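**Student:** Show me how the following folds:
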Amino acid sequence: MSFEVFIQNILNGLTLGSLYALIAIGYTMVYGILRLINFAHGEIFMLGAYFVFWAVTLVGLPWPGALGLAVAVAACIGFFAFKAGGAFNLSKGKTAVFGIAATLVTAFSVFWGVTHQGLAWPLAIVFAIVLTACTGILVDQVAYRPLRDAPRISALISAIGVSFFLQNVAIVFFKAIPRAVYRPDWLANAMIVGGLHIMPITLVVPVLSVALMLALLYVVYRTKTGLGMRAISKDIETSYLMGVPVNRVIAVTFGIGSALAAASGIMWSLRYPQLQPVMGSIPGFKAFIAAVFGGIGSVQGAVVGGVILGLIEIMIVAFFPSLAGYKDAFAFILLIGVLLVKPTGLFGQKIEDKV
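**Tutor:** Residues are numbered from 1 along each chain as shown. From the prediction side, this is the model:
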């Protein structure tokens, strides 16, 4: 293998690993707070990809339907804005202004886009990420919040049910036929750099992923909401007693994790340009493996686990082409190995159940 090909595979591995890391962060954030594996997270990833390309291609919807869609989407985004404002301890006045402004701008943008032209790419991306974040919050409110005090197996069964529900909703609404993804020209044309044929998306994905991860770390370690997340992860009962708005912080946690999954889904579809309702299953499982490998409950562990898993997967295909058909199996072999050797993962901490 030449040096150029080796570097090419390293870049591909970093790209794939960055996408796994963004999804894995959602798993690890929810588990760190609720001790719950959100098995619907792969479907959240899938919805993020569908939402953006659906928004880009929307055009010519009759005005009654467009108005209904605009109101529904604006209500979701306004709800998220109010939740976020309260969780970040903005004053009631600022929270109201923030929520109303987000609602009005969203309603106008969606109505104009679907009646005149598809939404522009930047607006479509924001639309998809925020709508996916709202979906994640809705999943928490409907499927998990009523089960806060129930046995963990109940929440786990609910998560599996939500996963199948979202997948089937996507099949009905978006149809089961795989769809090609429109990519902007500047992302679709390969660049030649010193003998390397590099797709711009290969460079864009790691850079954006790092930026999103740094923003998340800032939220977790430099804001009051992040302080609430860390407090709840240590002791949810004491957090209640100390006045932490537990349910609101948990809702924002689901929103942030879902937003990162949506960003990963959008970049995944640009890198592997095909959409289908079951596209979240395998990446979702692999991201879960990455979270376990890095230490589920640790954001840094999810990032490291995702990158390592991506590199391993690409390098196996590169060095052993005859095993390319078994590349998915190696991820599950890695999961079994980690559980046997170090169940808490690279950065995980042993958690003792209270009695």
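**Student:** Going by C-alpha atoms from here, please, whenever you check contacts or count neighbours.
**Tutor:** Will do.
**Student:** Compute the distance between Ala159 and Val142, please.
**Tutor:** 11 Å (C-alpha to C-alpha, to the nearest Å).
**Student:** How about Phe127?
**Tutor:** 22 Å.
**Student:** Next: Ala261.
**Tutor:** Using C-alpha to C-alpha, which is the criterion applied here, Ala261 is 19 Å from Val142.
**Student:** out of those two, which sits in the busier spot?
**Tutor:** Each of Ala261 and Val142 has its neighbours counted (other C-alpha atoms under 10 Å); Ala261 has more, 35 against 12.
**Student:** how about the strand or helix carrying the more buried one: buried residues?
**Tutor:** Using DSSP states H and E, Ala261 sits within helix 246-271. Across helix 246-271, burial judged by 16 or more other C-alpha atoms under 10 Å covers 246, 248-271.
**Student:** Could you name the helices and strands sitting against that helix?
**Tutor:** Packing contacts for helix 246-271, counted by 3 or more C-alpha pairs under 8 Å, 6 or more residues apart in numbering; DSSP states H and E, involve helix 3-34, helix 41-57, helix 63-87, helix 121-139, helix 200-222, helix 224-234, helix 236-241.
**Student:** Could you tell me the average pLDDT over it, please?
**Tutor:** Mean pLDDT, helix 246-271: 89.
**Student:** now stretch 166-185
**Tutor:** Stretch 166-185 comes out at a mean pLDDT of 83.
**Student:** where does the protein have low pLDDT?
**Tutor:** Counting by pLDDT under 70, the low-confidence segments of the chain come to 1, 57-121, 188, 194-195, 349-355.
**Student:** Please name the residues that touch the residue at minimal distance from the centre of it.
**Tutor:** For the chain, the residue nearest the mean C-alpha position is Ala261 (1.0 Å; C-alpha atoms, centre = their mean). Ala261 makes contacts with Leu22, Ile23, Gly26, His41, Gly42, Ile44, Phe45, Gly48, as judged by C-alpha atoms under 8 Å, 6 or more residues apart in numbering.
**Student:** Give the burial count for the fifth one, as a bare number.
**Tutor:** Read that as Gly42. 31.
**Student:** And the last one, by the same measure?
**Tutor:** Residue crowding around Gly48 was assessed by other C-alpha under 10 Å; the count is 31.
**Student:** Quick check: closest non-adjacent residue to it.
**Tutor:** In this structure, Gly48 finds its nearest non-sequential neighbour in Ala262, 4.0 Å apart by C-alpha to C-alpha, 6 or more residues apart in numbering.
**Student:** so how far is Gly255 from that neighbour?
**Tutor:** 10 Å.
**Student:** where do the contact lists of these two overlap?
**Tutor:** With C-alpha under 8 Å, 6+ apart as the test, Ala262 and Gly255 both reach Thr132, Ala133.
**Student:** What subset of the contacts of Ala261 is buried?
**Tutor:** Among the contacts of Ala261, those buried by neighbour count (16+ other C-alpha under 10 Å) are Leu22, Ile23, Gly26, His41, Gly42, Ile44, Phe45, Gly48.
**Student:** ok, the fourth one - contacts?
**Tutor:** His41 is in contact with Ile23, Gly26, Tyr27, Ser163, Ser258, Ala261, Gly284, counting by C-alpha under 8 Å, 6+ apart.
**Student:** I'd like those as JSON lines, with distance to Ile153 appended.
**Tutor:** Output for the contacts of His41, formatted as JSON lines (distance: C-alpha to C-alpha, whole Å):
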{"residue": "Ile23", "distance to Ile153": "23"}
{"residue": "Gly26", "distance to Ile153": "20"}
{"residue": "Tyr27", "distance to Ile153": "17"}
{"residue": "Ser163", "distance to Ile153": "15"}
{"residue": "Ser258", "distance to Ile153": "22"}
{"residue": "Ala261", "distance to Ile153": "24"}
{"residue": "Gly284", "distance to Ile153": "20"}
